[in-house]
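S.K.: Okay, sequence plus prediction incoming.
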Amino acid sequence: MIEIGLIVVYGPPCSGKSTYVNTKLGKKDVRFDYDLLMQSISTRKSHEYSDDHLPYVMDFREVIIKKSTKAKGIKDTYVIATRITDKLKAELKDKNPTYKLIDTTKEQCLKYLKQDKTRKDKKFWRKKINDWFEWHEEYKKESADDSERGETMDKTETRELITNEIEIREDDDGNRTISGYAVKWEKKSHVLGYFMKFREQFKKGSFADSLNDGDQRFLWSHDSAKVLGRIKNNTLRLKEDDVGLHFELDLPNTTLGNDTYESIRRGDVDGVSFGFNNPEDHVEEFDDDIPLRTIKKANLIEVSAVAFPAYPDSEVAARGFDRMKEYSDDLKEYQDEQAAKIKMLIELGGN
């Protein structure tokens, strides 16, 4: 997995989380390390715990996470954590982090503890290690249950459209910029959906909050390893206007940037796509049996240049998480509940 942006590194005590981050940390990266911060704000030595100082350290973590998608000149942010707590999940909401588990055994952690001279209270740390592995077993079960319910699955949706309105410019210095609209407000889509057919439109302002807080990328065909531009570096600029979501991208002087430029210039690539999740939407039913989904607010993740396969729009326009299947499942569950109640009332009336 390519690690870009916000990376949460977690695992048991004595597993090597800090060592792992140290091998990855670059000059333009930031890290949150509980132990180092505890030492910097108190007289505590390495791996000495303090309930009194804990709130201050946790406040630092929250600030670092908030700034992770806004700070100019910073590439990646590493957050070292022992457990994925509810508080940490809340801080990470809408940040789209990458999770890296330092996967080691309890025996290895206990062996390292014996060799670690900085952890004086061996009994305390043995308990911490044992507690972590008990917690992790429960965490894996909860994650599996959530996945079965669809609560932790990737709910990113992508929308792809063919457009003749990608503008491409090159100045005297050879700098190349492409621009256009990723989406236009209240423009009804073609019929979308695999499980359930529907049309869709976005309201003006759908991405306003996301643009204020996010660090979106411009990718080649949704591939996170092929980054063409980024908000934080000002190589990608996104804005909402009266027409829709407008993008402007400064293409890099790389093989990928050059290939993208040539593909768009020749007309081989004329598609723009965007990925989003966590939508606030409502669905209206119409007489033609094709519901209209209106998205009022969503978290914008990325915009992509895409080369379209030769399929009808209805087959390629909606990919990823199928929100309308979830809507249909909820509707069916409600209808089944109502039918069961009516049946019970009928049976009671007959007795």
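M.R.: Alright, I've got the coordinates.

S.K.: Which pLDDT value goes with D94?
M.R.: Looking at D94, its pLDDT is 77.

S.K.: what's in contact with stretch 243-255?
M.R.: Contacts to stretch 243-255, defined as Cβ atoms under 8 Å, 6 or more residues apart in numbering, come from residues 174-185, 187, 202, 206-207, 218, 228-229, 235-240, 257-258, 260-261, 272, 274, 300, 303. All C-beta spots, glycine's among them, are computed from the backbone N, C-alpha and C.

S.K.: Going by neighbour count, list what's buried in it.
M.R.: Residues of stretch 243-255 classed as buried by neighbour count (16 or more other Cβ atoms under 10 Å): 244-252.

S.K.: For that stretch, what is the distance to the chain centroid?
M.R.: In terms of Cα atoms, centre = their mean, to the nearest Å, the centre of stretch 243-255 is set 21 Å apart from its chain centre.

S.K.: Can you give me the end-to-end span of it?
M.R.: 33 Å (Cα to Cα, to the nearest Å).

S.K.: Stretch 215-234 too?
M.R.: Its first and final residues considered, stretch 215-234 spans 10 Å by Cα to Cα.

S.K.: quick one: the strands in the stretch 51-200 of the chain?
M.R.: Assigned by DSSP state E, counting those that start in this stretch, the stretch 51-200 of the chain shows strands spanning 77-81, 98-101, 157-162, 167-170, 176-184, 199-202.

S.K.: I misspoke; the intended subject was the stretch 201-350 of the chain.
M.R.: For the stretch 201-350 of the chain, the strands defined by DSSP E, counting those that start in this stretch cover 217-220, 223-230, 236-240, 244-250, 271-284, 292-306, 318-320.

S.K.: now the third one: how far from the chain's centre is it?
M.R.: Using Cα atoms, centre = their mean, we find the averaged C-alpha position of strand 236-240 to lie 19 Å away from the chain's own average C-alpha position.

S.K.: That strand to strand 223-230, inter-axis angle?
M.R.: Orientation of strand 236-240 against strand 223-230 (axes from the mean of the first three to the mean of the last three Cα atoms, to 10 degrees) gives an angle of 80 degrees.

S.K.: excluding its backbone neighbours, what's nearest the residue nearest the centre of the chain?
M.R.: In the chain, the C-alpha nearest the mean C-alpha coordinate belongs to N96, at 2.6 Å (Cα atoms, centre = their mean). Spatially, and ignoring its direct neighbours in sequence, N96 is nearest to I301 (6.1 Å; Cβ to Cβ, 6 or more residues apart in numbering).

S.K.: residues contacting that neighbour?
M.R.: Each residue near I301 by Cβ under 8 Å, 6+ apart is listed here: 96, 156, 214, 216, 274-277.

S.K.: Save those residues as JSON lines, and put in distance to V79 too.
M.R.: Shown next, in JSON lines, are the contacts of I301 (distance: Cβ to Cβ, whole Å):
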{"residue": "N96", "distance to V79": "13"}
{"residue": "T156", "distance to V79": "21"}
{"residue": "G214", "distance to V79": "17"}
{"residue": "Q216", "distance to V79": "20"}
{"residue": "F274", "distance to V79": "27"}
{"residue": "G275", "distance to V79": "23"}
{"residue": "F276", "distance to V79": "24"}
{"residue": "N277", "distance to V79": "20"}
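
S.K.: rewinding a little: distance of the residue nearest to N96 relative to G5?
M.R.: 10 Å (Cβ to Cβ, to the nearest Å).

S.K.: which residues do these two both contact?
M.R.: Common neighbours of I301 and G5 (Cβ under 8 Å, 6+ apart) are N96.

S.K.: quick revisit: closest to S40 among the buried residues of stretch 243-255?
M.R.: Comparing the buried residues of stretch 243-255 against S40 with Cβ to Cβ places P252 closest, at 37.2 Å.

S.K.: Got phi/psi on that closest one?
M.R.: phi -80, psi 150 (degrees, to the nearest 10).

S.K.: what do you get for I290?
M.R.: Per-residue torsions, I290: phi -110, psi 100 (degrees, to the nearest 10).

S.K.: I'd say it and S189 touch.
M.R.: No. With contact defined as Cβ atoms under 8 Å, I290 does not reach S189; the gap is 10.8 Å.

S.K.: Who has more neighbours out of those two?
M.R.: The neighbour comparison of I290 against S189 (other Cβ atoms under 10 Å) goes to S189, with 20 against 14.

S.K.: Of the contacts of stretch 243-255, select the buried ones using a PyMOL command.
M.R.: Selecting only the buried entries of the contacts of stretch 243-255 in PyMOL, with 16+ other Cβ under 10 Å as the criterion:
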select buried, resi 176+177+178+180+181+182+183+184+185+202+206+207+218+228+229+235+236+238+240+257+260+261+272+274+300+303
